[in-house]
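**Student:** Fold the following and give me the result.
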Amino acid sequence: MSNPGPSAADGATPFNPEHVTSPGISALEHLRNDHLLLSLLENIPDVIYVKDLEGRYQVDNRAHRRLLGVTGLNNIVDKTVFDFFQEAEARLYQADDHQVLSSGEPQINVIEKVTDSEGTLHWISTSKVPLYTPQGGAIGLIGIGQDVTPQMKTQQALEQEKYILDALMERIPDFIYFKDKESHFIRVNHALAERIGVVSPGEIIGKSDFDLFTEEHAQEAYADEKLIIETGESLLGKEEKENWVDGKLTWSSSSKMPLFDSGGQVVGTFGMSRDMTQQKQDQLRLAEYAARLRDVNERMQEDLRLASELQFSFLPSEYPTFPSSACKETSAIGFAHHYQPCGTVGGDFFSVRPLSDTTAAVFLCDVMGHGVRSALVTGIMRTLLADLYTVSSEPGLLLTQMNQKLQGTLRLEWETIFATATCLVLNSATGTLQYAVAGHSSPLLIRSSRGTVQPLRVRSPEPGPALGLAPDAEYWTDTERLLPGDRIVLFTDGLQEAMNEEGEFFGEDQFLEAVQAERDRRADLFFEHILRRVMRFQGREDFEDDVCMLAVELRRLQ
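**Tutor:** Down below sits the predicted model:
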C-alpha cells in the first residue's frame, strides 16, 4: 500500500516540496472531529485513510485498521507506514506518496502487495489523490484501497492454466488444434504448423482443411466435425488418411471433441492428432509381406501335398504274393502295415519286394528328424535300395553297401544326417529268415505256437551303427527259423517315444507288453489296438514323431 514518508521522529526525511504551503493541521483535525464523515468511513468496506504532508495518518476507517492489525483511531493517528510495515515496503509506499504530492497527479488503481499484521498477503488496488484546502494549499493525501485478492488469485490461476496449456500446446509432439463451428482453425500448436509447412501457427488461423488438403479428405474431416457439433459426442482414435494438396500422403490417429463455451454451448471442436505415417507404412508393408508369405505358404503347402502323395506312392498299395500266381488270401507270406507321418511328409519308409516266388525282401528305415528334409532322404534311400537289390539280397551286405553310398549324401559340412534301418529276407519254402540291423530296434518275433513275443536275437559281434555315420561300418546277417503262423513286427521309434503329460515315455517295455497283449489279433486290428494303447497313455491322438509298423507273417511253407 503506497503511503507518504515517515516523520522526522521516525528517522526519515519529511516531505516538504517547495510548492506545498504550510501544513493545514487545523483542517485535518477538523476531519477527525467530523463524526458524520467518520461514521460514513467506518462503514465503507474499502480501505480509506488520510495522511498529512509528513506521511502521518490522521484519519482512517475500520477496514484500514483491520489491515494494519490495530483497533481505534487513537492507535494510528500521527503514525507512519514505518510503524506498521517492513522498511523495504514502507519506503516503497513513501515514494508513491511523494510522487502524488510532488506532481499533484492522482495515482489510480495501482495494484500493490500488502502483508497484513497476521502475515497474510493481500493485493490492494490503491488510488491516491492530493488533499487541498479551499485556498488550494496541499495538506496531505487521501488513499482508497480495494482488496482484490480473490480476483488476483483467480487471475493467477488463469495465468497458470494458460501457462500449462501453452506448455502442452508448444511442447507436445502431437498436433493440437481448435476450430470454430465452421471448422476454421482458431488456434494450433507449433507441431501442426511444422507439419503443414509454415513458420508460425498464426499463418493457419482462419483457414480450414479445404485450404490444406484435397477435397476428399477435407470433406470427410468437415463431416466428422459437423457431427460432433450436432451431437456433442467425441470421436476417438480415428485413423485418417491425409491427402495433401501437394500430393503428399500421410496418416494420423485423430481424436476430436466438442468445444463448449462457459454457458455449455458448443462453439466448435478441438482435437489432437498423432502422426502414424511410418507406422501405417510399416503396416502396409507387413500386410504386403504377409500376402506374399501366404502365397508362398500356399504354394509350399501344395508342394508338400504333392510330396506327400508322392511319398505315399512309394509305399506298397498292394503286396506281392508268394508264389506270384497266388491271390492275397492264399499267399504263403502275408503283410500288413500302418504308416502315420507326424507332418505332411515323414522320415519313415518301408519297402516289400519279391526276390523270387518263394523269397520276400523287406526294408524299413527311420531317418533322423521328420519333415521335408527327412522325406527327401527317404526318397534317396528308396532309389539306392532298388539298385542294391540287383547286387545283393543278403541283408548285412545290402546295409553295408547302402551305408557306403550314403556317406557322400548324408554327411554335410555343417550337420550329419543318419538313418536307422532293418533289412530282412524271408524264404517261404524253408522258413529261413535272414536279417540285419543298422542302429535300429530289433524286430519282434511272435511265435504263434508258443504265444511268445521277443526281439530277434542279434548274434553279430557288435551292433551295426546307423547308416551314414561310419564310412567303414560292416553289418552282419543273422538267421532265424520261422514256423507257419509266426509273425515278424518291424517298427520305428515313434510309438516308443510317445510322451504323457508327466514327461514319461511309453518305452520299449510297454510297447513289448502291448504287442504281447494284442498278438492274437488279425494284423490290421493288431495295429489299431496298439495305437489305441499308446494314445491312451499320452492323452492325445496325434504323435510328435512319425509312426510306422510293418507285420510279416509266414502263413505256410511252400
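
**Student:** burial measure for Ala290, as a count.
**Tutor:** Ala290 has 11 neighbours, counted by other C-beta atoms under 10 Å. C-betas here are computed from N, CA, C, even on glycine.

**Student:** same for the host helix or strand of it, what does it pack against?
**Tutor:** Using DSSP states H and E, Ala290 falls within helix 277-314. On a contact count with 3 or more C-beta pairs under 8 Å, 6 or more residues apart in numbering; DSSP states H and E, helix 277-314 meets strand 249-260, helix 372-389.

**Student:** got the contact list for the shortest one?
**Tutor:** Which is strand 249-260. By C-beta atoms under 8 Å, 6 or more residues apart in numbering, the list of residues contacting strand 249-260 from outside reads 175, 178-179, 224-225, 228-229, 232-244, 266-277, 279-281.

**Student:** Going through those residues, which ones are buried?
**Tutor:** Among these, the ones that count as buried by 16 or more other C-beta atoms under 10 Å are 175, 178-179, 224-225, 228-229, 235, 240, 242-243, 267-276, 280.

**Student:** Sitting in strands, which of the residues you listed do you find?
**Tutor:** 175, 178-179, 235, 240, 242-243, 267-275 (DSSP state E).

**Student:** quick one: stretch 217-235 to chain centroid distance?
**Tutor:** 30 Å (C-alpha atoms, centre = their mean, to the nearest Å).

**Student:** Quickly list the domain ranges of the protein.
**Tutor:** Each domain of the chain is listed here as a residue range: 8-149, 172-275, 315-554, per automatic domain parsing.

**Student:** contacting residues for the residue nearest the centre of the chain?
**Tutor:** Among the residues of the chain, the one closest to the centroid is Gln279, at 13.2 Å (C-alpha atoms, centre = their mean). Shown in contact with Gln279 (C-beta under 8 Å, 6+ apart): Trp251.

**Student:** any idea how far Ile530 is from it?
**Tutor:** Taking C-beta to C-beta, to the nearest Å as the measure, Gln279 falls 55 Å from Ile530.

**Student:** what do you get for Leu101?
**Tutor:** Counting by C-beta to C-beta - Leu101 and Ile530 are separated by 120 Å.

**Student:** cool, and Glu553?
**Tutor:** For Glu553 relative to Ile530 (C-beta to C-beta), the value is 16 Å.

**Student:** Just the pLDDT for the residue lying closest to Asn61 once chain neighbours are set aside.
**Tutor:** Excluding the flanking residues, the one nearest Asn61 by C-beta to C-beta, 6 or more residues apart in numbering is Leu41, at 4.1 Å. For Leu41, the pLDDT comes out at 81.

**Student:** what helix or strand does Leu41 sit in?
**Tutor:** Using DSSP H and E, Leu41 sits in helix 35-42.

**Student:** Put the alpha carbons of that helix into PDB.
**Tutor:** Output in PDB follows, covering the C-alpha atoms of helix 35-42 (Å, rounded to 0.1, in the frame of the first residue of the first chain):
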ATOM      1  CA  HIS A  35     -18.500  12.500  13.300                       C
ATOM      2  CA  LEU A  36     -20.800  12.200  10.300                       C
ATOM      3  CA  LEU A  37     -17.900  11.700   7.900                       C
ATOM      4  CA  LEU A  38     -16.200   9.300  10.300                       C
ATOM      5  CA  SER A  39     -19.400   7.200  10.600                       C
ATOM      6  CA  LEU A  40     -19.600   7.000   6.900                       C
ATOM      7  CA  LEU A  41     -15.900   6.000   6.500                       C
ATOM      8  CA  GLU A  42     -16.200   3.300   9.200                       C
END
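
**Student:** Offset the numbering so it begins at 793, please.
**Tutor:** With 793 as the first residue, the last one maps to helix 827-834.

**Student:** how far does it sit from the chain's center?
**Tutor:** Centroid separation for helix 827-834 versus its chain: 76 Å, with C-alpha atoms, centre = their mean.

**Student:** Next, the contact list for Glu995, please.
**Tutor:** Ala985.

**Student:** State the distance from it to Asn1219.
**Tutor:** The gap separating Glu995 from Asn1219 is 101 Å, by C-beta to C-beta.

**Student:** in a strand, that's where Phe1318 is, yeah?
**Tutor:** No. Applying DSSP: H, G, I helix; E, B strand; the rest coil, one finds Phe1318 to be helix, outside a strand.

**Student:** Quick one: residues contacting it.
**Tutor:** Neighbour list for Phe1318: 1128, 1310-1311, 1343 [criterion: C-beta under 8 Å, 6+ apart].
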